[in-house]
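S.K.: Got a sequence here, can you build the structure:
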Amino acid sequence: MENVNLSDGWIEYTTEANKMDKNIYMCESASFGLSYTDYYHGWTSIVVCCFGVVANTLIIVILTRKHMISPTNLILTGLAVVDAMVMIVYIPFSVHLYLDKSRYRHTYSWAVFILFHANFTQVLHTISIWLTVTLAVWRCLTISQPTNQALLNSTQRAKVAILMAFFGSMIICAPMVMMFNVQLSPPEDNNGTFDTNRTVWTVQKSGSNFMKQLSFWTFAVGIKIIPCIALTFLSCYLIKAILSAQKRRKQLKANGNQNDRTTGMLVSVVILFIITELPQGILALLGAILDESFLKNCYGKLGDLMDIVALVNSAVNFVLYCCMSRQFRTTFCNFVLPTSFREGLNIRQ
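M.R.: Sure, this is the predicted structure:
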């Protein structure tokens, strides 16, 4: 066993014998993906994760301030929590797998951690996906039903929606979690003969072909394609609402309000999410339709590239909020800057 490629929970071990196979599906971009993995992914992922953990912690602190609490901000807080947890777990994984290459990686404890990392991050990332869908749906309802604001402004209902995203994601991920387990494998030397002096623990697929197909289709359709399609329609609706509001303000010669800026910020979050997740969904869908040679030669070798794109998307929300929300920016400055410095900059409390 030489390599382990991880992307959103999928684990693919590759042997030297498999590398010599003549497969049908080949990806020209796979060589770039492997080069990125060998030279850049380790340090890049650690830097992004460290920044993302700090950034998402600041988001949690700012959005839970008393005057910032709202249904929308509660959902954004939940999103920040799961994104931070994904990156916290990814740091030791990246250090051990990509930077500390001298250490033997086929111990039982490492295999258990790989299995935990794959399942834990997959469930958290799925929660993040469906929280984003929840966020878009909530904003669309707020815009389309202005007479029901008392109903939609309930933080208790927002908490229920967050819990539904949490538990629903666990159910969706159940087939994938059950498909992998830790197994003791016979080690081979470079000549292909067994070396009985070494113990090799690996994470392998288990279960029937039906369960394997179910897990692939669940991942491709239930976790990637359906949320992306839903978010595409929801973002189009939100953009249309923003343009209509701008047209009305132009006719009335009025300035923009906080609601429009909030909607614009949420649209940006959703669009970034679609750009990140849709290509992964298409590749995963092709992996479910085609045979395993596509997964090995295309999807698996692009795994680290897809990982870093997802990590960057989880880390940049703080920058987006600071750029597009005056209330968030002001609250952040009030939280981190000394009073005398804020007065010099004329930042309102």
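S.K.: And the strands in the stretch 201-349 of the chain?
M.R.: Counting by DSSP state E, counting those that start in this stretch, the stretch 201-349 of the chain has no strands to list.
S.K.: Can you pull out the low-pLDDT segments for it?
M.R.: Applying pLDDT under 70 to the stretch 201-349 of the chain picks out residues 207, 245-246, 248-260, 291-292, 338-349.
S.K.: Would you map the helices across it?
M.R.: Secondary structure of the stretch 201-349 of the chain (DSSP state H, counting those that start in this stretch): helices at 209-217, 226-252, 258-289, 292-294, 303-315, 317-324, 326-336, 339-345.
S.K.: which residues of the stretch 1-150 of the chain fall in helices?
M.R.: Per DSSP H, counting those that start in this stretch, the stretch 1-150 of the chain carries helices over the ranges 16-19, 30-39, 41-63, 71-94, 108-144, 149-152.
S.K.: Flag every buried residue along the fourth one.
M.R.: The reference is to helix 71-94. By 16 or more other C-beta atoms under 10 Å, the buried positions in helix 71-94 come out as 71-87, 89-91, 93-94. No exception for glycine: its C-beta is placed from N, CA and C like everyone else's.
S.K.: Rounded mean pLDDT for that helix, please.
M.R.: Averaged across helix 71-94, pLDDT comes to 93.
S.K.: what's the answer for the second one, then?
M.R.: Mean pLDDT, taken over the full extent of helix 30-39, equals 72.
S.K.: quick one on the thing from earlier: mind giving me a markdown table with the helices of the stretch 201-349 of the chain and columns for mean neighbour count and distance to Arg105?
M.R.: As requested, the helices of the stretch 201-349 of the chain are arranged in a markdown table below (neighbours: other C-beta atoms under 10 Å; distance: least, C-beta to C-beta, whole Å):
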| stretch | mean neighbour count | distance to Arg105 |
| --- | --- | --- |
| helix 209-217 | 15 | 25 |
| helix 226-252 | 15 | 33 |
| helix 258-289 | 18 | 25 |
| helix 292-294 | 17 | 23 |
| helix 303-315 | 22 | 16 |
| helix 317-324 | 17 | 33 |
| helix 326-336 | 15 | 40 |
| helix 339-345 | 11 | 48 |
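S.K.: Can you convert the ones you listed into a markdown table and add a column each for distance to Asp38?
M.R.: Listed next are the helices of the stretch 201-349 of the chain as a markdown table, based on distance: least, C-beta to C-beta, whole Å:
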| stretch | distance to Asp38 |
| --- | --- |
| helix 209-217 | 27 |
| helix 226-252 | 30 |
| helix 258-289 | 21 |
| helix 292-294 | 22 |
| helix 303-315 | 10 |
| helix 317-324 | 29 |
| helix 326-336 | 38 |
| helix 339-345 | 45 |
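S.K.: Which residue, other than its chain neighbours, is closest to Met176?
M.R.: Ser215 (4.5 Å; C-beta to C-beta, 6 or more residues apart in numbering).
S.K.: these two touch, right, the one you found and Cys173?
M.R.: No: proximity of Ser215 to Cys173 does not meet the contact threshold set by C-beta atoms under 8 Å, at 9.1 Å.
S.K.: Give me the phi and psi angles of Val200.
M.R.: Val200 adopts backbone torsions of phi -120, psi 110, taken as degrees, to the nearest 10.
S.K.: Based on its surroundings, how many neighbours for it?
M.R.: For Val200, the neighbour count with other C-beta atoms under 10 Å is 18.
S.K.: Quick check: it touching Gln183?
M.R.: No: at 9.3 Å, Val200 does not count as touching Gln183 under the criterion of C-beta under 8 Å.
S.K.: still on that earlier bit, deepest-packed of the helices of the stretch 1-150 of the chain, please.
M.R.: Most buried of the helices of the stretch 1-150 of the chain by mean neighbour count (mean count of other C-beta atoms under 10 Å) is helix 71-94; its value is a mean of 22.
S.K.: angle of it against helix 258-289?
M.R.: With axes from the mean of the first three to the mean of the last three C-alpha atoms, to 10 degrees applied, the angle from helix 71-94 to helix 258-289 works out at 40 degrees.
S.K.: Can you show me the CA trace of helix 71-94 as PDB?
M.R.: Extracted as PDB, the C-alpha positions of helix 71-94 are listed here (Å, rounded to 0.1, in the frame of the first residue of the first chain):
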ATOM      1  CA  PRO A  71     -32.300  33.300  12.800                       C
ATOM      2  CA  THR A  72     -30.000  33.900   9.800                       C
ATOM      3  CA  ASN A  73     -27.000  34.500  12.100                       C
ATOM      4  CA  LEU A  74     -27.700  31.300  14.000                       C
ATOM      5  CA  ILE A  75     -27.500  29.300  10.800                       C
ATOM      6  CA  LEU A  76     -24.300  31.100   9.900                       C
ATOM      7  CA  THR A  77     -22.900  30.300  13.300                       C
ATOM      8  CA  GLY A  78     -23.800  26.600  12.900                       C
ATOM      9  CA  LEU A  79     -22.000  26.700   9.500                       C
ATOM     10  CA  ALA A  80     -18.900  28.300  11.100                       C
ATOM     11  CA  VAL A  81     -18.900  25.600  13.900                       C
ATOM     12  CA  VAL A  82     -18.900  22.700  11.500                       C
ATOM     13  CA  ASP A  83     -16.300  24.300   9.100                       C
ATOM     14  CA  ALA A  84     -14.000  24.900  12.100                       C
ATOM     15  CA  MET A  85     -14.300  21.300  13.300                       C
ATOM     16  CA  VAL A  86     -13.500  20.000   9.800                       C
ATOM     17  CA  MET A  87     -10.300  22.000   9.700                       C
ATOM     18  CA  ILE A  88      -9.300  21.100  13.200                       C
ATOM     19  CA  VAL A  89      -9.400  17.400  12.300                       C
ATOM     20  CA  TYR A  90      -7.700  18.000   9.000                       C
ATOM     21  CA  ILE A  91      -4.600  19.500  10.500                       C
ATOM     22  CA  PRO A  92      -3.200  16.300  12.200                       C
ATOM     23  CA  PHE A  93      -4.300  14.300   9.200                       C
ATOM     24  CA  SER A  94      -2.300  16.600   6.900                       C
END
